[in-house]
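Colleague: The following block contains a protein sequence and its predicted model.
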Amino acid sequence: MKNKLNRGRENKTYISLLLVAGLAFGVFFTSKTWMYDDSAIAQTAFNESIGGLSQTTLTLRDWEYNPNDELMEVTLERNHTGTDAVEPTFSFYAKEQNESQKYNAELVYQSDNNMIVQIEDVPESFQVIGLFVREHRNQNILKQEYKSQIENKGGEATATDQNIQESDLPEPEEVIIVGDYRKIDINQSLVTKTDKGYKKESIMADMERTKQGITTIIDEDIPFQEELVTTLKGEKESLEQDMAFETQGEQTDTKREIEQKDKAIEDAKNEIQKLKNKVKELRDKYQNREEKLNALTQNKDDNKQQDNDKEDADNAKRDKQTANKNKEDKNNEDSKKDKK
């Protein structure tokens with residue numbers, strides 16, 4: 001009886017330990033969803049220029065994560081802002097903050113100014129992750145720069161492409177783009193797409209940014225300048241009215257101030273015109289992207305129609321072959337009957 005009681009107590013103890021362990025496990029892996037995190041957000045700003053590379057200016061456009069497949073996708077815009085005649089290439093890898101393990105990062109799509117990088121096997125427990133972007137400049141350009149440096153230092157121009165060692169050339173420059181789990185979008189349906197799929201997404205995102213730019217100029221920038229013109233005109237009118245009660249010296253100062261108001265009004269009007277021209281430029285850009293998107297969709301429809309036409313042709317061919325075979329079989333059967 002005593003042994004049974006002890007075993008019962010031991011079982012309860014084991015069950016309690018398992019429950020505590022399970023609860024701790026659940027708290028650890030779900031804490032992101034319900035615990036408040038007051039640590040500083042370590043996120044690279046979206047839609048702002050990222051410096052650090054000599055030939056390229058990067059802009060972070062989007063960052064998504066699929067926890068089911070442990071897959072991340074980072075969208076970068078690149079602009080060649082350096083002097084190299086040949087644009088550089090890029091390599092990537094990723095690491096969690098304060099961790100040594102590297103995650104595989106691959107360039108899955110690139111266009112003239114966009115790069116989409118996927119980071120694989122990122123656990124859902126991640127907090128802050130860094131995408132390391134390395135800029136690899138053309139080797140011939142680097143060798144020419146090296147030879148020029150030797151000449152500028154007064155050395156003999158004996159360096160040739162053959163005797164320049166790789167160690168003589170500078171290491172690739174690198175920037176780190178940081179993602180914080182609180183700023184990365186969760187996308188349960190994130191998968192690797194085709195080039196056409198990425199191109200379509202890229203065009204649509206560019207159209208949305210262009211549309212937002214037009215809205216900002218029309219709803220905010222132009223009204224601000226128009227209000228500024230109204231305010232300046234009111235101030236100018238008030239100064240002109242005050243001149244009737246001023247001394248000659250005061251009037252001289254007031255005239256100078258009125259001239260400044262006139263210049264500010266003219267500058268504001270010029271800015272309004274520039275903004276209107278910018279709106280026209282952005283609308284043309286939007287229409288251009290819309291035509292690209294329609295052409296891409298049209299090509300898809302054309303391909304689908306071609307597939308349907310091919311399928312219809314194949315079916316018609318099979319039907320004809322079947323009809324010919326049936327006719328041949330019937331003729332053979334009739335021939336056998338005639339012989340009988």
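Modeller: In hand now; what should we look at? Keep in mind the model is a prediction, meaning the values are calculated, not measured.

Colleague: For this protein, give me the ranges with low pLDDT.
Modeller: Across the chain, the ranges flagged by pLDDT under 70 are 1-36, 153-163, 299-340.

Colleague: Kindly recompute the last result at 50.
Modeller: 2, 5, 25-30, 33-34, 301-303, 305-306, 308-310, 312-313, 316 (pLDDT under 50).

Colleague: what's the domain layout of it?
Modeller: 1-35, 49-137+172-191, 193-340 (automatic domain parsing).

Colleague: mind putting those domains in JSON lines, mean neighbour count and distance to Q43 included?
Modeller: C-beta here means a position set from N, CA and C on the backbone, and glycine is covered the same way. Output for those, formatted as JSON lines (neighbours: other C-beta atoms under 10 Å; distance: least, C-beta to C-beta, whole Å):
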{"stretch": "domain 1-35", "mean neighbour count": "10", "distance to Q43": "15"}
{"stretch": "domain 49-137+172-191", "mean neighbour count": "17", "distance to Q43": "4"}
{"stretch": "domain 193-340", "mean neighbour count": "13", "distance to Q43": "19"}
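
Colleague: can you pull the contacts of T81?
Modeller: Residues near T81 by C-beta atoms under 8 Å, 6 or more residues apart in numbering: 55-57.

Colleague: Repeat the analysis, applying 6 Å as the threshold.
Modeller: Contact analysis of T81 by C-beta atoms under 6 Å, 6 or more residues apart in numbering lists T57.

Colleague: Any figure for the gap between it and G52?
Modeller: Look at T81 and G52: by C-beta to C-beta, to the nearest Å, they are 12 Å apart.

Colleague: Ok, K261 next?
Modeller: Look at K261 and G52: by C-beta to C-beta, they are 44 Å apart.

Colleague: Would you map the helices across the stretch 51-200 of the chain?
Modeller: 139-152, 195-216 (DSSP state H, counting those that start in this stretch).

Colleague: Between these, which one is closest to Y181.
Modeller: Distance to Y181, taken as C-beta to C-beta, is lowest for helix 195-216 among those, at 22.3 Å.

Colleague: chain center to the closest one, what's the gap?
Modeller: Centroid displacement of helix 195-216 relative to its chain, using C-alpha atoms, centre = their mean, to the nearest Å, is 10 Å.

Colleague: outside of that helix, which residues touch it?
Modeller: 109, 114, 116, 279, 282, 285-286, 289, 292-293, 296.

Colleague: any idea which helix or strand comes after it?
Modeller: The C-terminal neighbour of helix 195-216 among helices and strands, as given by DSSP states H and E, is helix 222-242.

Colleague: For that next one, which helices and strands make contact with it?
Modeller: helix 248-339 (3 or more C-beta pairs under 6 Å, 6 or more residues apart in numbering; DSSP states H and E).

Colleague: on that earlier part again, nearest to S39 among the helices of the stretch 51-200 of the chain would be which one?
Modeller: Each of these has some distance to S39 by C-beta to C-beta; the shortest is helix 195-216, at 30.1 Å.

Colleague: Can I get the closest one as CSV, trimmed to CA atoms?
Modeller: Provided in CSV are the C-alpha atoms of helix 195-216 (Å, rounded to 0.1, in the frame of the first residue of the first chain):
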residue,chain,number,x,y,z
ASP,A,195,10.8,35.7,-63.1
LYS,A,196,7.5,36.8,-64.6
GLY,A,197,5.8,36.8,-61.2
TYR,A,198,8.6,38.9,-59.6
LYS,A,199,8.5,41.3,-62.6
LYS,A,200,4.8,41.7,-62.2
GLU,A,201,5.1,42.3,-58.5
SER,A,202,7.9,44.8,-59.1
ILE,A,203,5.9,46.8,-61.6
MET,A,204,2.8,46.9,-59.3
ALA,A,205,4.9,48.1,-56.4
ASP,A,206,6.5,50.8,-58.5
MET,A,207,3.0,51.9,-59.7
GLU,A,208,1.8,52.1,-56.1
ARG,A,209,4.8,54.2,-55.0
THR,A,210,4.3,56.5,-58.0
LYS,A,211,0.6,56.8,-57.2
GLN,A,212,1.5,57.7,-53.6
GLY,A,213,4.0,60.3,-54.8
ILE,A,214,1.3,62.0,-57.0
THR,A,215,-1.1,62.0,-54.1
THR,A,216,1.4,63.6,-51.7
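
Colleague: Helix 222-242 and that helix, what's the angle between them?
Modeller: Orientation of helix 195-216 against helix 222-242 (axes from the mean of the first three to the mean of the last three C-alpha atoms, to 10 degrees) gives an angle of 20 degrees.

Colleague: Off-centre distance for stretch 223-238?
Modeller: Worked out by C-alpha atoms, centre = their mean, stretch 223-238 lies 40 Å from the chain centre.
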